[in-house]
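# heads up, no residue letters with this:
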C-alpha cells in the first residue's frame with residue numbers, strides 16, 4: 001500500500017450574488033451589485049436605491065463609487081442629487097458642470113429616480129483583482145459648506161483562480177528492507193609485447209591503466225558505508241591469429257594482471273576472480289555493424305556463419321584483405337582489453353539528518369525508501385523537500401513513484417515542462433492521472449484536466465472528484481460581501 005500526503009496551496013470559494021445592503025444610516029441602499037471581468041474589461045453593474053435619500057432645498061448630495069486596493073484607487077462616475085435652490089445656484093455659478101465634473105450623472109431631487117441602474121466599464125488591470133468597492137457620500141450646503149461626509153464598504157472583487165493540491169507518495173508501504181547492491185565497472189587497455197603474458201608496467205600506457213583499476217577498486221574499499229562482495233576481472237583477445245594462441249594469451253594475461261593488481265590492493269585482493277574471452281567476436285561484430293564500410297554486409301555474413309573462429313578469420317582475411325589490414329589498426333587493438341567489475345552493498349541509513357546530507361553529497365547511496373523517509377520528516381513544499389524528490393527521480397529514472405513525486409515538485413515551482421517529462425514515466429495509477437490533471441489545469445487546458453481528474457476519480461481517488469468540481473468554476477468571478 002502506498003502512503004500519500006497532500007500539499008494544499010489554495011482555492012477560492014464559489015461565486016455568489018450580493019444581497020441588498022442598506023448604507024449611510026439608511027439613506028442609500030445597494031439593491032444589487034455585480035462585478036465581472038469580460039476579457040480586458042471589468043464591468044461594474046449596480047442598482048442604487050435612492051428612494052430614502054433626503055436633503056434640503058439648499059443642499060446637494062454627491063455619491064461617488066470608488067474601487068480601491070491598497071494605494072491603488074479609481075473614482076468612478078459620480079452621481080449628483082440637487083435640491084431646488086442648490087441646483088439653481090450651481091447652474092448660475094458653474095454652468096452645466098456641477099459638483100462631480102463634466103461626467104457627473106445629475107438629477108434634481110424632484111426628478112431623481114427611486115432606483116438608479118449604474119454601470120461602469122473599466123480597462124482591466126491586475127490590481128483590480130482583490131480590490132474593494134466603496135461608496136462615498138458628501139452633503140454640500142450653501143456657501144461651499146460640507147454638511148456631512150461618509151463612506152461605506154459594499155464588497156470586493158476577486159477572480160476565481162485555480163491553485164493546485166499536490167499528492168506526494170512518501171512511502172512504499174511495508175515492502176521490507178531491500179539490499180542496496182551496486183556495481184562499479186570499468187575498462188582498461190593493458191598492452192603486452194607480442195606473444196608475452198608478463199605485465200610490464202612501463203610498457204606504453206600500462207602504468208596509468210593499472211592505476212585506474214586500483215584507484216576505482218579502492219574508492220569502494222575505502223568507503224565505510226560499502227561492503228564489497230566480489231571483484232571480477234575479464235580479459236579479452238581480438239579475433240586475429242590462431243584461436244588456440246589467443247585463448248592462452250587471454251587466460252594467462254588476465255591471470256598476470258590479477259596477480260599484479262593483488263599486490264597493490266592488499267586484503268581486498270582475496271575477492272578477485274577472473275574470466276577470459278579468447279576472441280571477442282561479439283565486440284568485433286558490433287563495431288562492423290556500426291561502421292559504413294563498403295563490404296560491411298559481406299563481413300557480417302561471415303561473422304554470423306557459425307563457422308569455427310579460425311575459418312571465419314581466414315575467410316575475412318582472404319575475401320577482404322584491404323579491410324582486414326584496416327581492422328588490425330582501427331578495431332583489433334581496442335578489443336584486446338580488460339573489463340573489471342566491483343559489486344558491493346551500501347548499508348541502510350535510518351538517521352534523517354544523515355540521509356538529507358547524502359542527498360546533496362552522495363545520492364547514489366540511498367534507496368527510494370530512504371529518500372522518502374527524509375521527505376516525510378520535512379515541511380511539504382519547501383526547496384529541500386522538492387530537491388529530495390527530484391534527486392530521487394534522477395537516481396531512479398524508471399521508477400514510477402519517483403517520477404510522480406518529481407513531477408509534483410516541478411509543478412510546485414512552476415517548471416511545467418520538467419513536470420511533463422516526469423509524468424511521462426509516472427505510470428497509470430490514479431495518483432498519476434490526478435497529477436496529469438493538475439498539470440493540464442496549470443497549462444489552462446481545463447478540458448484535458450477534467451478528463452484526467454475524472455479518470456482518477458473513477459479509479460477511487462476521492463480528492464480528484466472534488467478538484468474536478470472546483471476546476472469547472474475556473475474563470476468565474478467572486479463578489480465578496482463585506483464582513
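Yes, it's here. Nothing here was measured: the structure is a model prediction, and the numbers come from that model. Numbering: from 1, shown residues only.

# what's the distance between the residue lying closest to residue 474 once chain neighbours are set aside and residue 419?
Counting by CB to CB, 6 or more residues apart in numbering, residue 162 is the residue found nearest to residue 474 once chain neighbours are left out, at 4.8 Å. For every residue, glycine as well, the C-beta is placed using N, CA and C. Look at residue 162 and residue 419: by CB to CB, to the nearest Å, they are 16 Å apart.

# and these two? Which one has more around it.
The residue with more neighbours, out of residue 162 and residue 419, is residue 419; 26 against 20, by other CB atoms under 10 Å.

# contacts for whichever strand or helix holds that one?
Element membership of residue 419, judged by DSSP states H and E, is helix 416-423. Under the criterion CB atoms under 8 Å, 6 or more residues apart in numbering, residues 393, 403-404, 406-408, 410-411, 432, 435-436, 439, 442-443 lie in contact with helix 416-423.

# now the strands for the stretch 351-483 of the chain?
Per DSSP state E, counting those that start in this stretch, the stretch 351-483 of the chain carries strands over the ranges 477-480.

# which parts of stretch 456-466 are buried?
Of all the residues in stretch 456-466, those buried under the rule 16 or more other CB atoms under 10 Å are 456-457, 461, 463-464.

# ok now do the spatially closest residue to residue 331 that is not a sequence neighbour, which residues does it touch?
Leaving out its chain neighbours, the residue that sits closest to residue 331 by CB to CB, 6+ apart is residue 287, at 5.2 Å. Applying CB under 8 Å, 6+ apart to residue 287 gives the contacts 331, 334-335.

# again, 10 Å this time
280, 327, 330-332, 334-335 (CB atoms under 10 Å, 6 or more residues apart in numbering).

# also residue 52?
For residue 52, the contacting residues are 22, 24-29, 114, by CB under 10 Å, 6+ apart.

# which neighbouring elements make contact with the longest strand seen in the chain?
As assigned by DSSP state E, the longest strand anywhere in the chain is strand 146-159. On a contact count with 3 or more CB pairs under 10 Å, 6 or more residues apart in numbering; DSSP states H and E, strand 146-159 meets strand 21-23, strand 28-38, strand 41-49, strand 60-69, strand 132-140, strand 477-480.

# okay, those in TSV with mean pLDDT, mean neighbour count and distance to residue 267 next?
Converted to TSV, those look like this (pLDDT from 0 to 100; neighbours: other CB atoms under 10 Å; distance: least, CB to CB, whole Å):
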stretch	mean pLDDT	mean neighbour count	distance to residue 267
strand 21-23	89	17	87
strand 28-38	88	19	76
strand 41-49	92	18	79
strand 60-69	96	21	74
strand 132-140	94	20	78
strand 477-480	57	18	73
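
# those strands: which one's closest to residue 232?
The minimum distance between residue 232 and the helices and strands packed on strand 146-159 falls on strand 477-480, with 67.6 Å, by CB to CB.

# report pLDDT for the residue most central in space within the chain.
Of all residues in the chain, the one closest to the mean position by CA atoms, centre = their mean is residue 410, 1.6 Å from it. pLDDT recorded at residue 410 is 94.

# could you pull out the helices for the stretch 101-250 of the chain?
Under the criterion DSSP state H, counting those that start in this stretch, helices of the stretch 101-250 of the chain are mapped to 206-221, 243-265.

# mean pLDDT for the ones you listed - can I get that in CSV?
Listed next are these as CSV, based on pLDDT from 0 to 100:
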stretch, mean pLDDT
helix 206-221, 96
helix 243-265, 96
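
# okay if I get these as CSV plus distance to residue 362 and mean neighbour count?
CSV is the format used below for the helices of the stretch 101-250 of the chain (distance: least, CB to CB, whole Å; neighbours: other CB atoms under 10 Å):
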stretch, distance to residue 362, mean neighbour count
helix 206-221, 12, 16
helix 243-265, 23, 18
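
# can you put these in TSV and add distance to residue 354?
Listed next are the helices of the stretch 101-250 of the chain as TSV, based on distance: least, CB to CB, whole Å:
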stretch	distance to residue 354
helix 206-221	19
helix 243-265	29
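
# quick one, what contacts residue 146?
Applying CB under 10 Å, 6+ apart, we find residue 146 in contact with 62, 138-140.

# what do you get for residue 384?
Going by CB under 10 Å, 6+ apart, residue 384 touches 356, 359-360, 374-375, 378.

# closest one of the contacts of residue 52 to residue 97?
residue 28 (23.9 Å).

# roughly how far apart are that closest one and residue 111?
Separation of residue 28 from residue 111 (CB to CB) stands at 18 Å.

# what does residue 339 give?
Relative to residue 111, and taking CB to CB, residue 339 is found at 101 Å.

# those two: who's more crowded?
Neighbours were counted for residue 339 and for residue 111 using other CB under 10 Å; residue 339 has more, 15 against 10.

# spit out the contact partners of the more buried one.
Neighbour list for residue 339: 185-188, 232-236, 275, 277 [criterion: CB under 10 Å, 6+ apart].

# tell me if it really is in a strand.
Yes: checked against DSSP: H, G, I helix; E, B strand; the rest coil, residue 339 lies within a strand.

# now restrict the contacts of helix 416-423 to buried residues only.
393, 403-404, 406-408, 410-411, 432, 435-436, 439, 442.

# I'd assumed the residue nearest to residue 331 was in a helix, is it?
Yes: counting by three-state DSSP, residue 287 falls inside a helix.

# ok, it to residue 340 distance?
Residue 287 sits 21 Å away from residue 340, going by CB to CB.

# on that earlier part again, farthest-separated two in the contacts of residue 52?
Farthest apart among those - using CB to CB - are 25 and 114, which lie 18.1 Å from each other.

# flag the shaky bits of the stretch 51-200 of the chain, pLDDT-wise.
Along the stretch 51-200 of the chain, the model assigns pLDDT under 70 to residues 170-178.
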